[in-house]
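>>> Got a sequence here, can you model it:
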Amino acid sequence: MSGSVEGEDGSITLGFTPSKLRLVSNLSLEAEMAQLVERVWDPGFQGASRREREGCRYRAYLPDPLVGWDLTLPADLAADVADAEAATRGLNDAHLSHVSLEGLARFLLRAEAVASSRIEGIEASPQRLMRTEIALAQGGDAGDRAAAQILANIGAMDDAIARASSVKAMTVDDLLAIHTRLLLDSPAAGPGRVRSEQNWIGGSSYNPCAAAFVPPPPEHVGALLDDLIAYLNGDEHPPLVQAAIVHAQFETVHPFVDGNGRVGRALIHVVLRRRGLTPRFVPPISLILATWATSYIAGLTAFRHDGPQDSPQRSLACVPWLRTFATATTRACANATYYTTEIERLQGEWRRRLGRIRADSAPDRLLRLLPGAPVLTVETAARITSRSEVSASSAISRLVDAGILVQRNVGRQRYRVFEAPDVTDLFTSLERALASPTGDTRNEPPIRPAPHRPR
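Numbers count the residues shown, from 1 in each chain. Reported below is the predicted structural model:
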């Protein structure tokens, strides 16, 4: 059992049991406090300039373990967290009559995965994603590496959330499997393998001497991941707080050569799904964090405190990040709720165009699922509707005649594919809205790269 205690200043302490505390002693960390550890860099004759080929002393950050953290939050932040969790539950409790939960869930998941890729500088237009998705589905060569990476991120996030729902407890092997799924087409990045060398962020590509941040030395990564997974499987902190801390600690440990940011953001939704906060829909939190890049980085930086793990400063260091994360979640839920309403409005318009259709028929099932699959072939339509290709083809023809689907020819093989422009336009509008500080690009333009305004 664990509990919370309210202090005289209104702060909230979130406590752990002694049984949890014993886990900390099993970690092979240098000391029971966060610290910068000094290391010597041997260049190994790498580097373009003389300076890059020189050795140096650098300091790597060794964080506190998470298990056993008696976290104290200011009362106003605890209220913000509670509001954000209420908004997330509200999004997941939305009552929809015509759109399938699966279709809407895929729409929001796609938005979140695309935004997570965008934070890493991986961008592709909806049209490029469409061409690449169809080429891969037909067994062809993607050709477009950026689009293929974004599609891999969608698959990895989907896989991560599915794992969170299907296993009793997550393991490090589950984490490695998510990373493998993400970097399946990037063998040079070591998919599914924890790093065995020092990595760093910023500065030179050849050494960490001028890096903005140097994660823990590789010999500590295994123990830190064990602690991270033990904390992820627990429930001592509120779900939203736990999700934010898991992400911040994962980014701090930076256990992989590549893909850390995307895996770390997938873990946010692993926690939220495991804790029952998002049983149906993923709030597109990464769309907000991509817009608030300065606050996002500042929050993660502040999280890395230097001092004893039981000091009040450790909780204080966490406050900027938790505040940013809670606010981003609240806004993401508000925007997602608006777009769920827009999707239901589209469903009503489509049904008006089609006229009378039989419940659970191929056209009915296809309409319900279209928000999550705005680009499809006859084969994919048959698969997602669980109908024959003949029935799926007939349903597609009805939707084309009604102007709901438009036929496109993709690739050298001129694959016959069908797009729902209303959905791709809505998806683009969501990306643009969350790229603006005010949520409306007509009042304030995007502050980061965003797709062009839809028709």
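>>> Quick check: phi and psi at Val375.
According to degrees, to the nearest 10, the main-chain angles of Val375 amount to phi -130, psi 130.
>>> count of residues packed around it?
23 (other C-beta atoms under 10 Å). The C-beta positions use only the backbone N, C-alpha and C, and glycine is treated the same way.
>>> Enumerate every residue touching it.
The neighbourhood of Val375, defined by C-beta atoms under 8 Å, 6 or more residues apart in numbering, consists of Met130, Glu133, Ile134, Val417, Phe418, Glu419, Ala420, Thr424.
>>> For those, give me a markdown table that also has neighbour count and pLDDT.
Formatted as a markdown table, these follow (neighbours: other C-beta atoms under 10 Å; pLDDT from 0 to 100):
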| residue | neighbour count | pLDDT |
| --- | --- | --- |
| Met130 | 20 | 73 |
| Glu133 | 23 | 78 |
| Ile134 | 22 | 75 |
| Val417 | 23 | 84 |
| Phe418 | 23 | 91 |
| Glu419 | 19 | 89 |
| Ala420 | 23 | 90 |
| Thr424 | 21 | 84 |
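>>> How far away from the center of its chain is the helix or strand that Thr329 is a member of?
Taking DSSP states H and E as the definition, one finds Thr329 inside helix 312-354. A distance of 13 Å separates the C-alpha centroid of helix 312-354 from that of its chain, computed with C-alpha atoms, centre = their mean, to the nearest Å.
>>> Next secondary structure element downstream of that helix?
Following the chain from helix 312-354 toward its C-terminal end, the next helix or strand by DSSP H and E is helix 362-369.
>>> Just checking: what are the partner strands of whichever helix or strand comes after that following helix?
Towards the C-terminus, the helix or strand next in line after helix 362-369, according to DSSP H and E, is strand 375-376. Strand pairing for strand 375-376, determined by DSSP bridges: strand 415-419 (antiparallel).
>>> Would you confirm that Arg89 contacts Leu277?
Yes: in terms of C-beta atoms under 8 Å, Arg89 counts as a neighbour of Leu277; the distance is 6.7 Å.
>>> More neighbours: the two, which one.
For Arg89 versus Leu277, neighbours defined as other C-beta under 10 Å are more numerous around Leu277 (22 against 14).
>>> Return the per-residue confidence for that one.
If you check Leu277, the pLDDT there is 94.
>>> Can I take it that it is in a helix?
No: if the criterion is DSSP: H, G, I helix; E, B strand; the rest coil, then Leu277 is coil and not within a helix.
>>> Give me the nearest residue to it, chain neighbours excluded.
Pro239 (4.6 Å; C-beta to C-beta, 6 or more residues apart in numbering).
>>> Do I have it right that that neighbour meets Glu85?
Yes: between Pro239 and Glu85 there is a contact under C-beta under 8 Å: 6.5 Å.
>>> Which neighbours do those two have in common?
In contact with both Pro239 and Glu85: Leu277, using C-beta under 8 Å, 6+ apart.
>>> Model confidence for Asp158, exactly?
The confidence metric pLDDT takes the value 88 at Asp158.
>>> Run through this structure and note the low-pLDDT ranges.
With pLDDT under 70 as the threshold, the chain has low-confidence stretches at 1-32, 44-53, 96-102, 139-142, 185, 187-188, 410-414, 434-455.
>>> Partner strands of the top strand by length along it, with direction?
For the chain, the longest strand by residue count, based on DSSP state E, is strand 33-41. Strand 33-41 has these partner strands in its sheet, going by DSSP bridges: strand 56-62 (antiparallel), strand 307-308 (antiparallel).
>>> Specify the stretch among these that is closest to Gly264.
Within these, the stretch nearest Gly264 is strand 56-62; the backing value is 15.8 Å (C-beta to C-beta).
>>> Thanks a lot, catch you later.
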